[in-house]
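**Student:** Have a look at this prediction, sequence included:
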Amino acid sequence: MPSNKFRVAPSTTENAPLTTTVNPIDSFIAQGHEAEQLLASPAADRATLVRRLYLILHGMPPTPRELEQHTAEDRAWSDVVQDVLNSPHYGERMGRHWLDSARWAESEGYAQNNARPHAWRYRDYVTESFNRDVSYARFIQQQIAGDEMEPYSDENLIATGFLAAARISADDLHFYRAENDMYTDIVSTLSRSVLGLTIGCARCHDHKFDPITQRDFYRLKAFFTKGFPGNLVLKETEHPEAIDQISKDLLAFDLKVRKRVLSTGFEEEPESIRHLLNSRESERTLEQERQFRPHRTRMNIQIAGCNAFRIQEDEQKRLDVLRGELDKVINDTAQTWAFYSPITSPHELSTLPMAGNYPLMHDKDRFLDQRDYLLAREQIFETVATVTPGWQVN
């Protein structure tokens, strides 16, 4: 409750403002104006008010016909406001503010800037949510955990376009950096748009002003590291039955080729390095993980300069067959650019290929094996502690 000195005193003959007011706040401001010999502008007429209403809620002035309709003497002002709110243009206008906060775009937004042709569904979801007056709680829940909500709905999945809007560097040689950049972008955007905090600096050090530690940042990040963005098939929308099997075959093929490529050059490494590179992440110590990451990155760069990095003839034939099967049904398959965790989601979803050199894949086996780390100064090779998902500001 404000202290007495900030309360508006009841109007009396002595302190009544010269400006006509309709609420205590206006009366308080008017008293201050009059003390400085300032007078308010005349009250706006109906046409001016309608124009302002349209510019604020629609971003465009009313048409002459709309202006004539809303300035009729028998129209209550509440009815005029409700008409403007009921227009689909309201969601288009108001949704833009949220889309800016969500850093939504129809491309990756980095060096290659590959297109995301199905990202428009998230834009439409935001617009429709404003027009339907969806509660803020549900609006946020859908966008942060839509792939995990039950029962499944296409709308919930489309809403995760908020997470999938993350920047992707498409750097297959430096996988750990590309992956870390994407998840960091998700956490930074989530904190700014939902929590109202800029916690991005806590990825390198404890927050200097807010009670947020480095561990808080990486624990929040761990909520999302079991999932990736991708072109996902909408289950409620009718689609060819073959698409689910084709997507599984394509993913299995991509992972097989990737493992073949990434094993290139192992025989030239010392036995201790070969043993390290063949180890499972869940079995490595923190020190071994710090050794593994630079070796793995070094080999990626070496592989890129040899023929092994390129697809082989038999692999190309298999890829052509799979692509041919996909081309037959892809135009009849509704997709959305969204975020999906095959580990924590109760739903089995199909992922389709995307343009560009994409280093991030829905590899369920890797998700099951991987751990989450606190990184010293956000250096991707400096894994100093393991963390689990959580959010607790100390």
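**Tutor:** Ah, there it is.

**Student:** May I see the buried residues of stretch 328-344?
**Tutor:** Of the residues in stretch 328-344, those scored as buried under the neighbour-count criterion (16 or more other C-beta atoms under 10 Å) are Ile330, Thr333, Ala334, Gln335, Thr336, Trp337, Ala338, Phe339, Tyr340, Ser341, Pro342. From N, CA and C alone the C-beta is placed, and that goes for glycine too.

**Student:** Distance from the chain centre to stretch 254-272, please.
**Tutor:** Taking C-alpha atoms, centre = their mean, to the nearest Å, one finds stretch 254-272 lying 34 Å from the centre of the chain it belongs to.

**Student:** Name the residues of that stretch that are buried.
**Tutor:** Going through stretch 254-272 with 16+ other C-beta under 10 Å, the ones that come out buried are Asp254, Leu255, Val257, Val261, Leu262, Thr264.

**Student:** so where do the helices sit in the stretch 151-300 of the chain?
**Tutor:** 154-159, 161-164, 175-190, 214-222, 242-262, 271-277, 286-304 (DSSP state H, counting those that start in this stretch).

**Student:** Show me where this protein dips below the pLDDT cut-off.
**Tutor:** Along the chain, segments meeting pLDDT under 70 span 1-21, 170-173, 304-310, 355-361, 392-394.

**Student:** try 80 this time
**Tutor:** Scanning the chain for pLDDT under 80 picks out the ranges 1-22, 40, 73, 109-112, 169-175, 262, 265, 300-311, 354-362, 392-394.

**Student:** Could I get the full set of strands for it?
**Tutor:** With strands called from DSSP state E, the chain shows them at 228-233, 335-340, 351-352, 372-375, 383-387.

**Student:** List the contacts of the last one.
**Tutor:** Looking back up the chat, that one is strand 383-387. For strand 383-387, contacts defined as C-beta atoms under 8 Å, 6 or more residues apart in numbering pick out 215, 218-219, 222, 286, 289-290, 293, 371-376.

**Student:** Give me the spatial nearest neighbour of Asp181, chain neighbours excluded.
**Tutor:** Once flanking residues are discounted, Asp181 sits nearest to Ser169: 5.6 Å by C-beta to C-beta, 6 or more residues apart in numbering.

**Student:** List the residues that contact the one you found.
**Tutor:** By C-beta under 8 Å, 6+ apart, the contact list for Ser169 reads Tyr110, Ala111, Arg177, Ala178, Asp181, Met182.

**Student:** Look up how far Arg46 lies from it.
**Tutor:** Ser169 sits 54 Å away from Arg46 when distances are taken as C-beta to C-beta, to the nearest Å.

**Student:** Same check on Leu368?
**Tutor:** Plainly put, Leu368 is 64 Å away from Arg46 if you go by C-beta to C-beta.

**Student:** Same question for Lys226.
**Tutor:** Look at Lys226 and Arg46: by C-beta to C-beta, they are 56 Å apart.

**Student:** These two: who's more crowded?
**Tutor:** For Lys226 versus Arg46, neighbours defined as other C-beta atoms under 10 Å are more numerous around Lys226 (19 against 15).

**Student:** I'd say that one and Phe367 touch.
**Tutor:** Yes. Contact criterion C-beta atoms under 8 Å: Lys226 and Phe367 qualify, at 5.0 Å.

**Student:** Common neighbours of the two, please.
**Tutor:** With C-beta under 8 Å, 6+ apart applied, the overlap between the contact sets of Lys226 and Phe367 consists of Ser341, Pro342, Ile343.

**Student:** Let me see the ranges of the helices in the stretch 1-150 of the chain.
**Tutor:** Listed in chain order, the helices found in the stretch 1-150 of the chain under DSSP H, counting those that start in this stretch are 24-35, 46-57, 64-70, 77-86, 88-101, 120-131, 136-145.

**Student:** could those be laid out in a markdown table, adding distance to Phe209?
**Tutor:** A markdown table is the format used below for the helices of the stretch 1-150 of the chain (distance: least, C-beta to C-beta, whole Å):
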| stretch | distance to Phe209 |
| --- | --- |
| helix 24-35 | 32 |
| helix 46-57 | 34 |
| helix 64-70 | 48 |
| helix 77-86 | 39 |
| helix 88-101 | 22 |
| helix 120-131 | 31 |
| helix 136-145 | 25 |
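
**Student:** To Thr198, which of those lies closest?
**Tutor:** With C-beta to C-beta as the measure, helix 88-101 is the member of these nearest Thr198 (12.7 Å).

**Student:** Off-centre distance for stretch 280-298?
**Tutor:** Relative to its parent chain, stretch 280-298 has a centroid offset of 29 Å by C-alpha atoms, centre = their mean.

**Student:** cool, stretch 229-240 as well?
**Tutor:** If you compare the mean C-alpha spot of stretch 229-240 with that of the full chain, they lie 19 Å apart, counting by C-alpha atoms, centre = their mean.

**Student:** quick one: contacts of that stretch?
**Tutor:** Defining contact as C-beta under 8 Å, 6+ apart, one finds that stretch 229-240 is touched by 118, 152-154, 157-158, 163-164, 166, 168, 182, 243-244, 247, 329, 332-340, 347, 349-354, 360, 362.

**Student:** quick one: buried residues of it?
**Tutor:** When burial is assessed from 16+ other C-beta under 10 Å, stretch 229-240 yields the following buried residues: Pro229, Gly230, Asn231, Leu232, Val233, Leu234, Lys235, His239.

**Student:** Tabulate these in TSV, adding columns for distance to Arg274.
**Tutor:** Formatted as TSV, the buried residues of stretch 229-240 follow (distance: C-beta to C-beta, whole Å):
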residue	distance to Arg274
Pro229	33
Gly230	32
Asn231	36
Leu232	37
Val233	39
Leu234	44
Lys235	43
His239	44
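
**Student:** Of all pairs in those residues, which one spans the longest distance?
**Tutor:** When C-beta to C-beta is used, the two most widely separated members of the buried residues of stretch 229-240 are Pro229 and His239, lying 19.8 Å apart.
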